[in-house]
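Enquirer: Fold the following, please.
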Amino acid sequence: MKAPKSIFVCAECEYESAKWLGKCPSCGAWNSFEEQTMTPEVKSAARVAPKEGARAVPIGELALPAYMRSGTGMGELDRVLGGGLVQGSVVLLSGEPGIGKSTLLLQISDTIAANNRVLYVSGEESCGQLKLRAERLGVASDSLYLLTETSVDGILSECERLSPDVIVVDSIQTVYSDRLTSAPGSISQVRESAMAFIALAKRTGCAVILVGHVNKEGGISGPKILEHMVDAVLYFEGDRRQAYRLIRAIKNRYGSTNEIGVFEMGDRGLSEVPNPSEMMLDGRPTDSPGNCAACVMEGSRPLIAEVQALVSKTAFPAPRRTCDGFDYNRMCLLLAVLEKRLNLRFSENDVYLNVAGGMRIDEPAADLAVALSLLSGITDRLVPERLIAFGELGLSGEVRAISHIDYRVKEAARLGFTQILLPARCVGKNLHIPDGVEVIGVRNLVDVIRVLSRKREDPPLIE
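Expert: The predicted structure follows:
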């Protein structure tokens with residue numbers, strides 16, 4: 001038998017090299033090579049022998065499968081998954097350490113175990129630690145089984161004995177296969193272990209939830225092919241020092257990738273936030289310039305966030321530009337448009353832009369609210385407390401039309417906004433305006449300045 005040899009594998013594209021390289025010649029990634037020990041003739045744990053007589057059939061003869069979804073007990077997570085957990089699917093949940101991944105999965109495991117058999121596999125905690133967390137969360141279902149194991153063969157053997165409906169693996173980076181000599185968490189081990197669980201899910205129809213670690217760049221640790229193999233990739237976002245968390249779908253074969261779920265971390269675990277817009281506007285100042293409310297769409301849900309801008313005289317030759325929660329390049333583009341079209345001297349001022357509540361918005365419909373907050377910050381004019389703005393801003397200073405106007409107007413009226421600033425092209429007969437709400441259509445930045453400078457008793461710009 002030949003002795004094992006060491007090779008270097010790219011973590012992004014799995015390009016192999018006999019020596020370490022600073023830049024991958026295949027995908028161009030820097031510092032992505034990891035050393036692995038390679039043994040000849042390694043048999044895959046997920047390899048399945050082909051069926052005898054298997055042959056291709058026309059697509060018209062195939063029957064449409066009836067995928068069965070089961071609720072997780074948390075509507076926010078079901079929204080992100082597309083309606084619930086699909087039978088036979090593999091979901092990858094990733095996030096920063098301490099963000100609440102294990103807490104969330106233990107909570108939904110208890111709810112799913114009310115009607116199904118759930119196997120929770122932990123490679124990072126002991127049974128005593130899991131029991132301590134379960135008591136804190138109030139988890140005590142008889143159909144929830146806990147297993148502390150890191151060997152793929154041991155986990156698969158227990159799965160064959162219990163025949164669970166849902167399997168939770170926390171985490172995939174701690175699981176290893178005896179068929180490989182590399183350490184747990186390496187590229188080959190993660191790929192091999194994930195393939196074993198995917199084959200189990202497709203063969204038995206059970207749903208598998210894999211927990212993934214993140215690297216120092218914020219991406220999912222392990223090979224990039226891991227995200228391609230699974231059916232859904234969810235990312236847990238938020239600051240550990242804050243109570244609110246967001247779950248966003250990066251990939252979903254059974255639903256939309258535009259939905260988000262909002263949670264709040266408490267003493268009894270994670271709880272749903274059914275009205276995130278009120279949470280985003282909590283503590284909003286009413287007597288300070290540079291604040292404006294914006295309405296963005298996250299999938300089918302309209303969310304209202306507060307945009308804050310601080311414009312102050314610079315003491316440096318080059319003014320500072322700082323942005324949090326909004327695209328930096330987009331902010332610089334809006335500053336250039338405002339300076340060119342309205343002759344405002346932003347080049348002589350430092351500009352700080354922030355989206356309150358830790359939320360990140362990247363929809364062009366937030367341009368008008370950002371521009372209004374910047375205009376308020378440099379002119380020291382207050383934006384009316386009950387005014388909200390949404391619209392896309394072009395390079396010529398025009399305000400362009402956006403989609404989902406009815407949803408945005410309805411959400412703004414529900415939260416008590418009485419003045420809505422939107423593109424003039426969106427003001428039409430098909431727009432339903434709630435009672436007590438004034439809709440102001442603007443065509444360009446000149447109209448926006450008029451709105452900012454007009455008094456409350458003045459007539460609207462467009463009837």
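Enquirer: Averaged pLDDT, the top strand by length along the chain. What do you get?
Expert: For the chain, the strand with the greatest residue count under DSSP state E is strand 301-313. For strand 301-313, mean pLDDT is 92.
Enquirer: elements contacting that strand?
Expert: Judged by 3 or more Cβ pairs under 8 Å, 6 or more residues apart in numbering; DSSP states H and E, strand 301-313 is in contact with helix 276-280, strand 291-298, strand 349-355, helix 367-379, helix 405-414. All C-beta atoms are positioned from the backbone trio N, CA, C, and that covers glycine.
Enquirer: Just the buried positions in the helix or strand just after it, please.
Expert: Remark: after strand 301-313, the chain's next helix or strand is strand 321-324, criterion DSSP states H and E. Within strand 321-324, the residues scored as buried using 16 or more other Cβ atoms under 10 Å are C323.
Enquirer: now stretch 318-334
Expert: Buried residues in stretch 318-334 (16+ other Cβ under 10 Å): P319, C323, G325, F326, D327, R330, M331, L334.
Enquirer: Just the residues contacting stretch 179-198, thanks.
Expert: 4, 9, 11, 14, 34, 36-37, 39, 42-46, 90, 150, 152, 156, 167, 169, 172-177, 208, 210, 213, 221-223, 225-226, 229-230 (Cβ atoms under 8 Å, 6 or more residues apart in numbering).
Enquirer: just to revisit the earlier point, where among the helices and strands packed on strand 301-313 is the average confidence lowest?
Expert: Looking at the helices and strands packed on strand 301-313, the bottom one is helix 276-280 with a mean of 81.
Enquirer: How far off centre is that one?
Expert: Offset of helix 276-280 from its chain centre (Cα atoms, centre = their mean, to the nearest Å): 17 Å.
Enquirer: Stretch 218-236 now?
Expert: 12 Å.
Enquirer: List the buried residues for stretch 379-397?
Expert: Quick answer for stretch 379-397 (16+ other Cβ under 10 Å): T379, V383, P384, R386, L387, I388, A389, F390, G391, E392, L393, G397.
Enquirer: Would you agree the third one falls within a helix?
Expert: No - when the secondary structure is assigned by DSSP: H, G, I helix; E, B strand; the rest coil, P384 falls in coil instead of a helix.
Enquirer: That one reaches Q419, doesn't it?
Expert: Yes - applying Cβ atoms under 8 Å, one finds P384 in contact with Q419, separated by 5.9 Å.
Enquirer: in a strand, that's where G222 is, yeah?
Expert: No - per three-state DSSP, G222 lies outside any strand segment and is coil.
Enquirer: need the contact list for it.
Expert: When contacts are counted by Cβ under 8 Å, 6+ apart, G222 touches A11, I172, Q173, G185, I187, V190, R191, G212, H213.
Enquirer: any chance of these in TSV, plus secondary structure, pLDDT and neighbour count?
Expert: Shown next, in TSV, are the contacts of G222 (DSSP: H, G, I helix; E, B strand; the rest coil; pLDDT from 0 to 100; neighbours: other Cβ atoms under 10 Å):
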residue	secondary structure	pLDDT	neighbour count
A11	coil	79	22
I172	helix	93	27
Q173	helix	91	22
G185	coil	84	18
I187	helix	84	21
V190	helix	90	28
R191	helix	89	21
G212	strand	91	26
H213	coil	88	19
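Enquirer: Could you dump these into CSV with distance to N430 added?
Expert: Below are those laid out as CSV (distance: Cβ to Cβ, whole Å):
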residue, distance to N430
A11, 51
I172, 49
Q173, 52
G185, 55
I187, 54
V190, 51
R191, 52
G212, 45
H213, 49
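Enquirer: Please report how far L342 lies from I59.
Expert: 57 Å (Cβ to Cβ, to the nearest Å).
Enquirer: More neighbours: which of these two?
Expert: The neighbour count for L342 versus I59, taken as other Cβ atoms under 10 Å, is higher for L342 (17 against 6).
Enquirer: Near the closest residue to the more buried one other than its chain neighbours, how many other residues are there?
Expert: Leaving aside its sequence neighbours, L342 sits nearest to L445 (Cβ to Cβ, 6 or more residues apart in numbering; 5.7 Å). By other Cβ under 10 Å, the residues close to L445 number 24.
Enquirer: Next: K340.
Expert: When neighbours are counted by other Cβ under 10 Å, K340 comes out with 13.
Enquirer: for it, helix, strand, or coil?
Expert: Strictly by three-state DSSP, K340 counts as helix.
Enquirer: Show the pLDDT at it.
Expert: 93.
Enquirer: gap between it and S396?
Expert: 10 Å.
Enquirer: cool, N343 as well?
Expert: Relative to S396, and taking Cβ to Cβ, N343 is found at 15 Å.
Enquirer: Same check on V175?
Expert: 56 Å.
Enquirer: what's the answer for M280, then?
Expert: Taking Cβ to Cβ, one finds M280 at 31 Å from S396.
Enquirer: I figured N258 hits V296, correct?
Expert: No - N258 is beyond contact range of V296, at 11.0 Å (criterion: Cβ under 8 Å).
Enquirer: ok, how many other residues are close to the spatially closest residue to M265 that is not a sequence neighbour?
Expert: Leaving aside its chain neighbours, M265 sits nearest to A243 (5.2 Å; criterion: Cβ to Cβ, 6+ apart). Applying other Cβ under 10 Å, we find 15 residues neighbouring A243.
Enquirer: residue contacts, A243?
Expert: So A243 contacts E264, M265, G266 (Cβ under 8 Å, 6+ apart).
Enquirer: Looking at those, which are in strands?
Expert: Short answer: the contacts of A243 in strands (DSSP E) are E264, M265, G266.
Enquirer: nearest to S122, of those?
Expert: The closest of the ones in strands among the contacts of A243 to S122 turns out to be M265 (Cβ to Cβ; 20.0 Å).
Enquirer: quick one: G428 and G441, what's the gap?
Expert: Between G428 and G441 the distance is 9 Å, computed by Cβ to Cβ.
Enquirer: Quick check: phi and psi on the residue nearest to E76 when sequence neighbours are not counted?
Expert: Computed as Cβ to Cβ, 6+ apart, the closest residue to E76 that is not its neighbour in sequence is G261, at 3.3 Å. Main-chain dihedrals, G261, degrees, to the nearest 10: phi -120, psi 140.
Enquirer: List the contacts of G261.
Expert: Contacts of G261 (Cβ under 8 Å, 6+ apart): M74, E76, L77, R79, V80, L246, I247, E272.
Enquirer: and with 10 Å instead?
Expert: Residues near G261 by Cβ atoms under 10 Å, 6 or more residues apart in numbering: 74-81, 104, 234, 236, 245-249, 270, 272-273, 276, 298, 301.
Enquirer: returning to what we had before: can you tell me which of the contacts of A243 has the most neighbours?
Expert: M265 (18 neighbours).
Enquirer: Report the contact partners of that residue.
Expert: I99, G100, T103, L104, G238, R240, Q242, A243, Y244, R245, S271.
Enquirer: Right, I'll leave it there.
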